[in-house]
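> below is the structure, and that's it, no one-letter string:
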């Protein structure tokens, strides 16, 4: 299956700072990537759909000015959490897929805001 | 908006017992997928069901898609400790490649000897 990487795997930052998370598709070109957030022992909640070369589509309730998404190339999408607060602490996972079928998920990034 | 619920939320079984998780969508789905997430890991694709009433098997796992395409189930026969994890169903409303998945609430399975 497709290989998706994320960097960093975990990050601790202070409240008010910004954090950038990278999602890379290593062996195929991804025109679409999805960003999810998962709180402990909860389900994955889709935050936004990242489209290469165009603006991301955000789900209802997700602040686009707080969660900046850039999909500048077919292999890289980035999620920047701006002015992070403790309530933003979560597991952030990206996914993509080569077909309409299965999605391949990155290993995730655990963000802790202190 | 679309909601996908799973029951039970958690189940603890002894190795060798069977396990079933049920998935119900508030809207009719184009297709449904199942994923397994081990503790500390990321979701891993198991299978996709597309047709009404479809049944697929993978070794000890049996997946079923309801006739109305609004519900699905995953049944594990004779569980093993390697089955531990959270099982999510995820539904798609459309068939486009950019069509988003809505994940179910998940069922956490614990298996002990």
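Yep, that arrived. Bear in mind the structure is a predicted one, so any value in this text is a computation, not a measurement.
> tell me how many other residues crowd residue A:9.
12 (other Cβ atoms under 10 Å in any protein chain shown). Backbone N, C-alpha and C define where each C-beta goes, glycine included.
> just give the nearest non-adjacent residue to the residue in chain A positioned nearest to chain B, would you?
In chain A, the residue that lies nearest chain B is residue A:102 (3.7 Å; Cβ to the nearest Cβ). Spatial nearest neighbour of residue A:102, excluding adjacent residues (Cβ to Cβ, 6 or more residues apart in numbering or on different chains): residue B:45 at 3.7 Å.
> identify the bridge partners of the one you found.
Taking DSSP bridges as the rule, residue B:45 bridges to residue B:35.
> so for stretch B:28-38, mean pLDDT?
Average pLDDT, stretch B:28-38: 94.
> picking that back up, the residue nearest to residue A:102: neighbour count?
By other Cβ under 10 Å, 18 other residues sit near residue B:45.
> surely it meets residue B:33?
Yes - applying Cβ atoms under 8 Å as the test, residue B:45 and residue B:33 come out as touching, 6.6 Å apart.
> spell out which residues are contacts of both of the two.
Contact criterion Cβ atoms under 8 Å, 6 or more residues apart in numbering or on different chains; residues shared by residue B:45 and residue B:33: A:102-103.
> quick one, strands of the chain?
This is for chain A. Assigned by DSSP state E, the strands in chain A fall at A:4-7, A:10-13, A:19-25, A:32-38, A:44-51, A:57-58, A:67-73, A:76-81, A:90-96, A:104-105, A:109-113.
> not quite, I wanted chain B
B:4-7, B:10-14, B:19-25, B:31-37, B:44-49, B:55-58, B:61-65, B:71-76, B:85-92, B:101-103, B:107-112.
> please work out which residues outside the fourth one touch it.
When you say that, I think you mean strand B:31-37. Strand B:31-37 is touched from outside by A:101-103, B:23, B:25, B:43-50, B:63, B:65, B:69, B:72, B:74, B:85-92, B:95, B:101, B:103, B:106, with contacts defined as Cβ under 8 Å, 6+ apart.
> list buried residues within those residues.
Among the contacts of strand B:31-37, those classed as buried by 16 or more other Cβ atoms under 10 Å in any protein chain shown are A:102-103, B:23, B:25, B:43, B:45-50, B:63, B:65, B:69, B:72, B:74, B:85-92, B:101, B:103, B:106.
> now do the end-to-end distance for stretch B:24-36.
Taking Cα to Cα, to the nearest Å, the first and last residues of stretch B:24-36 lie 17 Å apart.
> how far does it sit from the chain's center?
Distance, stretch centre to chain centre, for stretch B:24-36: 8 Å (Cα atoms, centre = their mean, to the nearest Å).
> buried set for it?
B:24-25, B:29, B:31-36.
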